[in-house]
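Asks: could you work out the structure for the sequence below:
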Amino acid sequence: QVQLVESGGGLVQTGGSLRLSCAASGRTASNYAMGWFRQAPGKEQEFVAGISRYEGITDYTDSVKGRFTISKGNARNTVYLQMNSLKTEDTAVYYCAARTSGAIGIVHTVASDYNYWGQGTQVTVSS
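Replies: All right, here's what the predicted structure looks like:
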């Protein structure tokens with residue numbers, strides 16, 4: 001069983017920054033493929049950013065490219081989402097997800113590819 005604990009959400013003004021953290025349990029957490037998804041009120045959940053197993057290949061949805069960065073921490077059981085130049089449309093509940101098996105070097109952008117999820121953290125960007 002893998003547990004994911006997110007933190008770092010909050011209220012920020014347009015143009016500000018936040019860093020979300022997701023701590024994963026398990027002795028092989030550094031080997032998980034990780035992803036961040038978000039869901040805004042009245043909208044479907046969407047992929048935001050992902051990082052592959054081992055090789056650390058990353059991918060982003062177009063709307064956050066150049067503003068968000070996903071990375072794994074030095075302890076490698078934590079994944080971060082650095083969010084800069086935040087916009088009101090980034091307001092959502094952000095979820096961390098982990099995939100504990102599968103091919104290396106693949107960034108998973110589909111929610112059903114992930115088998116563990118965090119509880120979510122609210123990010124609110126005010127104008």
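
Asks: low-confidence ranges, the chain, go.
Replies: Across the chain, the ranges flagged by pLDDT under 70 are 27, 29, 75-76.

Asks: 90 instead?
Replies: Scanning the chain for pLDDT under 90 picks out 1-2, 25-32, 53-56, 72-77, 100-105.

Asks: does the residue nearest to the spatial centre of it count as helix, strand or coil?
Replies: For the chain, the residue nearest the mean C-alpha position is residue 36 (2.3 Å; Cα atoms, centre = their mean). Classification of residue 36 by DSSP: H, G, I helix; E, B strand; the rest coil places it in strand.

Asks: look up the closest residue to it, ignoring the ones flanking it.
Replies: Counting by Cβ to Cβ, 6 or more residues apart in numbering, residue 36 lies nearest to residue 48, which is 4.4 Å off, once chain neighbours are set aside. Any C-beta I mention is one placed from the backbone N, CA and C, and that applies to glycine too.

Asks: what of residue 13?
Replies: Spatial nearest neighbour of residue 13, chain neighbours left out: residue 126 (5.5 Å); criterion: Cβ to Cβ, 6+ apart.

Asks: can you map out the strands along this protein?
Replies: With DSSP state E as the criterion, the chain has strands at 4-7, 10-13, 18-24, 33-39, 46-51, 58-60, 68-72, 78-83, 92-99, 116-117, 121-126.
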